[in-house]
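[1] Here is my input, please return the structure:
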Amino acid sequence: MTPRLFYVALFLGCLWLPARPYAQAPRFTAEDLAFFNQKTAAYQQWLDKTGLGAAIRATKVRLKKDSTELELLLHLNATDLDTAIALWNRAQDDYRLSTGRPLEEKLFRTFAAFMEIPPEQGNVQVYVLDPDGAYIPCFYVGIWEENGSVRTDSRMRECRDKPIDLTLHPLPLRKISGGKTTEIQRQLSSAQVFDRIEAFLKAKYTRTSCYDRYPELVVEPRTETTLRISLSDLCRVVLTDEKKGLWCQTVELLGWKCNDVRRERLEFEFTYLSGSNNLTGRLTGKFGSGVYRPRKSGYMDMEPDFQDYLDTFHLKFQQELKAYLEKP
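    Predicted coordinates for the structure are as follows:
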């Protein structure tokens with residue numbers, strides 16, 4: 001028997017093994033997902049019927065990695081942060097006034113009932129979309145059940161952008177005059193700084209050892225003082241210990257290549273004034289599906305789920321960028 005046939009036989013044999021004695025959350029199937037999508041429309045009808053549809057819309061449902069948890073994504077009927085916060089606060093106040101119960105609890109309990117899932121295998125997330133359909137990073141509400149109680153993580157006006165603030169030392173420049181060598185300090189222009197930033201990002205992040213990942217660097221038109229760059233289809237740059245799912249692991253045992261780790265996207269905005277020594281800006285970390293390549297609006301913010309990872313990357317990135325920019 002060839003090694004490949006051996007693994008095929010082993011895999012098929014495992015399907016007939018008796019259930020293990022310990023409890024394990026069941027995985028949802030493609031058939032389940034089709035059912036959940038139908039129920040999402042029914043959930044929206046419920047929102048409309050209760051009057052909550054004036055403020056809240058059901059965007060979609062999706063399965064988390066390994067398909068053991070179902071997420072319902074809701075968005076507020078607003079395209080700017082202030083309007084969204086006002087809508088959410090009014091919906092909360094109106095619902096509590098009429099029922100005496102928290103709005104978040106009702107949204108979650110109805111979700112679990114409609115989807116017919118164990119509450120511990122679901123969560124609800126509320127977002128705000130800008131006019132282009134991208135998620136606004138300064139608003140997030142997460143709702144889930146823990147130990148029989150509905151829990152909420154609400155973050156408003158707390159932007160998930162990581163600030164970039166670097167003081168750059170002038171570069172030493174040797175000057176020879178009359179047989180004597182003197183060293184002077186030279187401040188970089190904004191064009192020079194931005195050129196170096198582009199070179200750094202390209203060299204550092206556009207090469208990958210991950211199968212089926214093709215990092216893409218996009219530079220928006222510069223202004224005299226501002227540079228915007230994004231990097232997409234990254235792999236294990238921020239989420240460094242991402243593991244492949246069970247399906248991919250099984251497929252690789254059979255000799256094929258597979259990669260379903262989350263895709264990552266980094267968005268940068270830099271501001272620098274020629275002749276100054278202060279580089280400022282912001283970094284936004286996002287993640288998307290590992291199965292298909294999402295559009296820009298399909299990426300989700302890494303915070304709050306991956307805040308520790310993004311904090312670690314943010315600190316290291318600033319140190320490495322500063323060292324690169326200050327090289328003679």
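
[2] Output the lowest mean pLDDT helix or strand found in this protein.
    helix 3-14 (a mean of 42; mean pLDDT, DSSP states H and E).

[3] which is the next helix or strand following that one?
    Moving toward the C-terminus from helix 3-14, the next helix or strand (DSSP states H and E) is helix 30-50.

[4] Tell me if A58 really is in a helix.
    No: under DSSP: H, G, I helix; E, B strand; the rest coil, A58 sits outside any helix and is assigned strand.

[5] burial measure for the spatially closest residue to it that is not a sequence neighbour, as a count.
    Spatial nearest neighbour of A58, excluding adjacent residues (Cβ to Cβ, 6 or more residues apart in numbering): Q44 at 4.4 Å. Where you see a C-beta, it was placed from the backbone N, CA and C, and this is true even at glycine. Using other Cβ atoms under 10 Å, Q44 has 17 neighbouring residues.

[6] Verify the contact between Q44 and R57 for me.
    Yes: Q44 is in contact with R57 according to Cβ atoms under 8 Å; the separation is 6.8 Å.

[7] can you list the weak-confidence ranges in the stretch 51-200 of the chain?
    Where the stretch 51-200 of the chain drops to pLDDT under 70, the residues are 65, 157-160, 172-185.

[8] all strands for it, in order.
    Ranges of strands within the stretch 51-200 of the chain are 56-63, 70-76, 122-127, 139-146, 149-156, 162-167, 171-177, 180-186, based on DSSP state E, counting those that start in this stretch.

[9] distance between the third one and the chain's centre?
    It stands for strand 122-127. 14 Å (Cα atoms, centre = their mean, to the nearest Å).

[10] okay, the angle between that strand and strand 139-146?
    Here the directions of strand 122-127 and strand 139-146 differ by 170 degrees (axes from the mean of the first three to the mean of the last three Cα atoms, to 10 degrees).

[11] contact partners of strand 122-127?
    Identification of contacts with strand 122-127 by Cβ atoms under 8 Å, 6 or more residues apart in numbering yields 56, 59, 69-76, 88, 104, 107-108, 111-112, 115, 135-136, 139-145.

[12] And the strands in the stretch 201-328 of the chain, which stretches?
    Under DSSP E, counting those that start in this stretch, the stretch 201-328 of the chain gives strands at 216-219, 226-234, 263-271, 278-288, 300-301.
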